[in-house]
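**Student:** Show me the folded form of this:
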Amino acid sequence: MAARRKANRILAAVLIPLTLLTLAAMAALWPSGNREGLTLANPYAAAPGVTFDTGRIQRVVTESCTQAAAQDNGGSQCTFAITEPDKGGNPVKVVINPDIAKSHGVKVGDNIRYLNLTHAQAAATGADAPAAQGSPSYIFVDFVRTMPIILLALLYAVVVVAVARWRGLRALIGLVGAYFVLVSFMLPGLVEGKPPLLLALVGSTVIMIGVLYFAHGFSARTSTALLGTIFGLGITALLAAWATDAANLAGVGSHDAATLVNISDKISISGIILCGLIISGLGVLNDVTITQSSAVWELYELAPNTSARKLFSSAMRIGRDHIASTVYTIAFAYAGAALPILIIVMLYNRPLGEALTSAELSEEVIRTLVGSIGLVLAIPVTTLIAVLVVKATGVRSAELPTSAEVPGTSAADHRAGGHAAITADDVDDTGALAAAAAVAGRERAEADAPPATRRGRRAALRDQILRDQPPGDQTQGNGRRRD
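**Tutor:** You can find the predicted model right below:
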């Protein structure tokens, strides 16, 4: 505990000024909330007389698309869902979009959202009665997914809390706070044309400060992980800024990007891509840094006398395994998100190199590479910071006397059995006696610890076997047994 308190003081000297600077930058960049001049048609806004209704499908049929075609026994065929409205009343016939009917389809028991055009058609009957009678009155809009998503969210929360307990609950609350920063600070800032690089760095740092401390508590481990995370964020931001410009990531190939470009001159699509490159690696970066910090502290507490070099090497062996698995995680996560694009590019039959550098895939490829580089570099830096912090505490050397300071407690005396000679006459008081006993126990454990090298372990095992043999079975001077 004393070591951790001293480590916290060391880390606080670095993190407190950094946190204050980040909060000041956040206050300076905070968006005004003014959306004057932004015009965006809402596709979910209903026209006068049109309402969005919900219902449960009772039956699915395939019929002619219009009433006139049905009377003539001709025309194209459409899929209709006989739906019982949630607000009550007689079942209605909802026409299903052809793409939904072909790709996913609808089935009995599905909850759907549909447009109710009956009031608008009734108002237009006097002017255009045939058209009103020939067009469908109820049009499919989307599935109602409220219940499945709520059930999955509840299951996720229960599993996290059951396994991680209070720490898992704090992590879930921290996730809500992270999305609050994203929605209230970063997204409006991008809309108002704030500097995307600075906006992403400040917002991501604030998110990591809140999430790490709230989920893992205020400790030297968490502070060490935070320093490593901030370093990884800096590397990722620099690489993302360079890659966005060098690779000419315009991002205008998608429908959503084209929509944003047309609604405001302040919105920069390349800036949005840059901000996305930084945000996308936050979760994995947080994962590896907190793991490395905890690994260093656990190794130190198990073997506090280990040298800094050995401590760093041991922790990096854990880090290398983490790197190997996490790189796959990033690559496959992005591949899964871009699976439809991958299929389309594959069907083009383009060369692999040309496909990977195309406008459709280049953003995903650069996102994977930038995030992976920042992740890999954050692991050794976090490990080094953690080793320096735990070794800088120096609590054991300050609180416990060494073998040379306590009479009769040298390593040679203990190995020869001399530790039994420590009595009250050799020390001045009870505290020194306890300290000497602690030193004796530690040095005895060091003497009994197995050698680090394979040859040393074999020699120790051979000596142990010889000590355990009866006197008549011991080896002679030439190293061979008598029998």
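**Student:** H119: what's its closest spatial neighbour, skipping adjacent residues?
**Tutor:** Among residues not flanking H119 along the chain, G49 sits closest, at 4.3 Å (CB to CB, 6 or more residues apart in numbering). Bear in mind the C-beta positions are built from the backbone N, C-alpha and C, glycine included.
**Student:** Tell me, how many residues neighbour that neighbour?
**Tutor:** Look at G49: counted by other CB atoms under 10 Å, it has 14 neighbours.
**Student:** and it, that's in a strand?
**Tutor:** No. When classified by DSSP: H, G, I helix; E, B strand; the rest coil, G49 is found to be coil rather than part of a strand.
**Student:** Quickly note the distance from it to G55.
**Tutor:** In this view, G49 and G55 are 19 Å apart by CB to CB, to the nearest Å.
**Student:** got it, and V183?
**Tutor:** 31 Å.
**Student:** of those two, who's got more company?
**Tutor:** G55 (25 against 10).
**Student:** Just the element for G55, please.
**Tutor:** Using DSSP states H and E, G55 sits within strand 51-64.
**Student:** Keeping just the C-alphas, turn that strand into CSV.
**Tutor:** Extracted as CSV, the C-alpha positions of strand 51-64 are listed here (Å, rounded to 0.1, in the frame of the first residue of the first chain):
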residue,chain,number,x,y,z
THR,A,51,-48.9,8.4,-39.9
PHE,A,52,-46.4,5.7,-38.9
ASP,A,53,-48.2,2.7,-37.4
THR,A,54,-47.0,-0.6,-35.9
GLY,A,55,-48.5,-4.0,-35.9
ARG,A,56,-48.0,-7.8,-35.9
ILE,A,57,-48.1,-9.9,-39.1
GLN,A,58,-50.9,-12.5,-39.1
ARG,A,59,-50.5,-13.8,-42.6
VAL,A,60,-48.3,-13.3,-45.7
VAL,A,61,-49.8,-13.5,-49.2
THR,A,62,-48.6,-12.9,-52.8
GLU,A,63,-51.0,-11.1,-55.0
SER,A,64,-51.1,-8.6,-57.9
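**Student:** partners of it in the sheet?
**Tutor:** The strands beside strand 51-64 in its sheet (DSSP bridges) come out as strand 77-85 (antiparallel), strand 111-116 (antiparallel).
**Student:** So which bits of the first one are buried?
**Tutor:** By neighbour count, with 16 or more other CB atoms under 10 Å as the criterion, the buried positions of strand 77-85 are 78-81, 83, 85.
**Student:** State the distance from the residue nearest the centre of the chain to E364.
**Tutor:** With the centre of the chain defined as its mean C-alpha position, the nearest residue by CA atoms, centre = their mean is G283, 1.8 Å away. Relative to E364, G283 is positioned 17 Å away (CB to CB).
**Student:** With V296 instead?
**Tutor:** 34 Å.
**Student:** Who has more neighbours out of those two?
**Tutor:** In this view V296 and E364 are compared by other CB under 10 Å, and V296 has more residues nearby, 31 against 17.
**Student:** Could I get the buried residue list for the one helix or strand T22 maps to?
**Tutor:** Counting by DSSP H and E, the secondary-structure element that holds T22 is helix 2-29. Neighbour-count burial for helix 2-29, counted by 16+ other CB under 10 Å, picks out 3-4, 6-8, 10-11, 15, 19, 22, 25-26, 29.
**Student:** Which one of those residues is nearest to P136?
**Tutor:** The shortest gap between P136 and any of the buried residues of helix 2-29 belongs to L29, at 49.4 Å (CB to CB).
**Student:** Who's the closest spatial neighbour of that closest one, skipping the chain neighbours?
**Tutor:** Closest residue to L29 apart from its sequence neighbours, by CB to CB, 6+ apart: K194 at 5.5 Å.
**Student:** Surely that neighbour is in contact with W30?
**Tutor:** No. Judged on CB atoms under 8 Å, K194 makes no contact with W30 at a distance of 9.2 Å.
**Student:** For these two, indicate the residue with more neighbours.
**Tutor:** Using other CB under 10 Å as the criterion, K194 and W30 rank with K194 on top: 23 against 14.
**Student:** Phi, psi for that one please.
**Tutor:** Per-residue torsions, K194: phi -70, psi 160 (degrees, to the nearest 10).
**Student:** again with S325
**Tutor:** The phi and psi values for S325, taken as degrees, to the nearest 10, are phi -80, psi -40.
**Student:** Tell me how far it lies from Q292.
**Tutor:** Look at S325 and Q292: by CB to CB, they are 13 Å apart.
**Student:** Looking at the two now, which is surrounded by more residues?
**Tutor:** The neighbour comparison of S325 against Q292 (other CB under 10 Å) goes to Q292, with 28 against 10.
**Student:** in the helix or strand that one falls within, what counts as buried?
**Tutor:** Assigned by DSSP H and E, Q292 belongs to helix 282-302. Using 16+ other CB under 10 Å as the test for burial, helix 282-302 gives 282, 284-297, 299-300.
**Student:** circling back: how close does the residue nearest to H119 get to I150?
**Tutor:** 32 Å.
**Student:** tell me the angle the lengthiest helix in the chain makes with strand 51-64.
**Tutor:** Of all the segments assigned as helix in the chain under DSSP state H, the longest by residue count is helix 146-181. For helix 146-181 against strand 51-64, the angle between stretch directions is 130 degrees (axes from the mean of the first three to the mean of the last three CA atoms, to 10 degrees).
**Student:** For helix 146-181, name the packing helices and strands.
**Tutor:** Judged by 3 or more CB pairs under 8 Å, 6 or more residues apart in numbering; DSSP states H and E, the packing partners of helix 146-181 are helix 196-216.
**Student:** Quick one: low-confidence residue ranges for the stretch 151-300 of the chain.
**Tutor:** Scanning the stretch 151-300 of the chain with the threshold set as pLDDT under 70 gives 250-255, 258.
**Student:** please redo it, this time with the cut-off set to 90
**Tutor:** Segments of the stretch 151-300 of the chain classed as low confidence (criterion: pLDDT under 90) are 164-177, 187-197, 200, 210-225, 227-228, 232, 236-237, 239-300.
**Student:** Wait, S223 touches N8, no?
**Tutor:** Yes. Because the distance of 6.7 Å satisfies CB under 8 Å, S223 is recorded as touching N8.
**Student:** Not counting sequence-adjacent ones, nearest residue to A120?
**Tutor:** Here the nearest residue to A120 in space, its sequence neighbours aside, is G49; by CB to CB, 6+ apart that works out to 3.7 Å.
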